[in-house]
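# All I have is the shape, not the residue letters:
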């Protein structure tokens, strides 16, 4: 879908000096080919929670008064407006709970939100990766299991497997870029974590089984390498409907069992997307107020203090909802951004 319109931009913010990035931690992100600096979030204190609640209360009052004023100017209740008094009389709101009853609030379950992100990310990434392959590509499914229980699990195990897979791919093709998606799952009876990996390989390649040694050739001699997955058994099958396969396992992760994963476990990932695929995946994961004001070629990132910031221009879209308390599960609307487009899917602006 294309739209011929202009996008309002704000003055770009000054970029931090190079010294600001010195000695900062960084990590390798699977969906990109370069390290990204990350700031470790500080622990949320009770004082911070109270400050957030006070800010949400003030913002909600201002938003309700603004909506009420607009309704009064129109001579009645307009669509999408809340008809309330523009001045808060003494005793009108005895506490914040009564204010929330008048405001637009949403309840967010963290587990459900995590499952939604997993299904969106895997579905979009798998479709994009499948369309990148050549006619002679082969798709393989690998299942990685543990011998014992979850005490043998470590967060870096799946990353080390993918590193070894890239090393094998480089020995065969001269390229470390591998197209894959993976999803974690809990075994129904034992409750032990295991992984399902889907690989898209060109040139009709067949990956080695993860629990067996594999070999490469260097300078005319054969070199044997340890198993990519030495923690248990693996299973390898050729896939003919890879998107449906990975989504079938994504559907098995439900609210009742997502809390049983080991603490700190990632439950999905992908790699090998091109620039267009990464842009589409980013767009799908953005909130609606960002989707309606940005196309899939732009890079928006979480802004300090909430909302999203355009990495190229410095434009900031502040969050439409603020936490309504210290639990960070209930949110109240504090603003409403106009949508430049009611987007039904990823798009790009038609520049004149």
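Looks like it came in fine. Only a predicted model underlies this, so the values are computations on that prediction, with no experimental measurement involved.

# Contacts for the helix or strand where residue 160 lies, please.
Using DSSP states H and E, residue 160 maps to helix 157-173. Contacts of helix 157-173 with the rest of the structure, by CB atoms under 8 Å, 6 or more residues apart in numbering, involve 30, 144, 175-178, 180, 182, 184, 195, 197, 199, 201-203, 205, 207-208, 210, 214, 216-217, 225, 228-229, 231, 266, 269, 271. Glycine gets a C-beta too; all of them are placed from N, C-alpha and C.

# in a strand, that's where residue 129 is, yeah?
No. Residue 129 sits outside any strand when classified using DSSP: H, G, I helix; E, B strand; the rest coil, being helix.

# Give me the nearest residue to it, chain neighbours excluded.
Leaving aside its chain neighbours, residue 129 sits nearest to residue 179 (4.6 Å; criterion: CB to CB, 6 or more residues apart in numbering).

# got it, and residue 234?
Using CB to CB, 6+ apart, the nearest residue to residue 234 is residue 210, at 3.7 Å.

# Contact partners for the nearest residue to residue 258 once chain neighbours are set aside?
Counting by CB to CB, 6+ apart, residue 258 lies nearest to residue 111, which is 4.9 Å off, once chain neighbours are set aside. Residue 111 makes contacts with 255, 258, 259, as judged by CB under 8 Å, 6+ apart.

# and if you look at residue 266?
By CB under 8 Å, 6+ apart, the contact set of residue 266 is 155, 158, 184.

# And those residues, which is closest to residue 330?
Of all these, residue 184 has the smallest distance to residue 330: 28.7 Å, by CB to CB.

# got the contact list for the host helix or strand of the closest one?
Using DSSP H and E, residue 184 maps to strand 179-186. With contact meaning CB under 8 Å, 6+ apart, strand 179-186 is reached by 118, 122, 125-126, 129, 132-133, 158, 162, 165, 192-201, 246, 249-250, 252-253, 257, 260-261, 265-273.

# Residue 280 and residue 166, how far apart?
For residue 280, the distance to residue 166 equals 23 Å [CB to CB, to the nearest Å].

# Tell me the most packed of the contacts of residue 266, by neighbour count.
With neighbours set by other CB atoms under 10 Å, the maximum within the contacts of residue 266 is found at residue 184, which has 23 neighbours.

# Can you tell me the closest non-neighbouring residue to that residue?
Leaving aside its sequence neighbours, residue 184 sits nearest to residue 267 (CB to CB, 6+ apart; 4.3 Å).

# shouldn't that neighbour be in contact with residue 117?
No. Residue 267 lies out of contact with residue 117 (CB atoms under 8 Å); the separation is 9.5 Å.

# more crowded one of the two?
residue 267 (20 against 14).

# Report the contact partners of that one.
114, 118, 183, 184, 253, 258, 261.

# Now do the same contact list for the fifth one.
What it means is residue 253. Contacts of residue 253 by CB under 8 Å, 6+ apart are 115, 118, 183, 184, 185, 267.

# Beta-bridge partners for the fifth one, please?
In this entry, residue 185 is beta-bridged to residue 194, by DSSP bridges.

# how much space between it and residue 176?
Separation of residue 185 from residue 176 (CB to CB): 27 Å.

# higher neighbour count, these two?
Higher neighbour count among residue 185 and residue 176: residue 185, with 18 against 13, using other CB under 10 Å.

# ok so, going back, can you pull the pLDDT of the residue nearest to residue 234?
We have a pLDDT of 95 for residue 210.

# Use 46 as the first number for this chain going forward.
That works, and once the first residue is 46, the last one we named lands at residue 255.

# quick one: the helices in the stretch 196-345 of the chain?
Along the stretch 196-345 of the chain, counting by DSSP state H, counting those that start in this stretch, helices occupy 202-218, 287-297, 320-330, 333-336.

# The ones you listed: lowest mean pLDDT?
Among those, helix 287-297 scores lowest, with a mean of 90.

# If you count neighbours, what's buried in that one?
For helix 287-297, a neighbour-count test (16 or more other CB atoms under 10 Å) marks 287, 288, 290, 291, 292, 294, 295 as buried.

# Kindly report the same for stretch 214-234.
Counting neighbours by 16+ other CB under 10 Å, one finds that the buried residues in stretch 214-234 are 214, 223, 224, 225, 226, 227, 228, 229, 230, 231.

# Stretch 305-320 now?
Buried-residue list, stretch 305-320, by 16+ other CB under 10 Å: 306, 312, 313, 314, 315, 316, 317, 318.

# Now do it: distance from first to last residue.
Using CA to CA, to the nearest Å, the end-to-end distance of stretch 305-320 comes to 35 Å.

# Could you list the low-pLDDT ranges of this protein?
Applying pLDDT under 70 to the chain flags residues 46-89, 94, 97-98, 100-102, 105-106, 108-148, 371, 396-397.

# among the contacts of helix 202-218, which are in strands?
189, 225, 227, 229, 240, 242, 244, 246, 259, 261-262, 270, 314, 316 (DSSP state E).

# buried residues in stretch 390-397?
In stretch 390-397, counting by 16+ other CB under 10 Å, buried: 391, 392, 394.

# Without its sequence neighbours, what residue ends up closest to the last one?
Using CB to CB, 6+ apart and skipping residues adjacent in sequence, the residue nearest residue 394 is residue 340, 5.1 Å away.

# Can you get me a residue count around the one you found?
Number of residues near residue 340 (other CB under 10 Å) recorded here: 19.

# Check residue 270 too.
The number of residues packed near residue 270 is 14, by other CB under 10 Å.

# Residue 153 contacts residue 372, doesn't it?
No. Distance between residue 153 and residue 372: 10.2 Å, which falls outside the contact criterion (CB under 8 Å).
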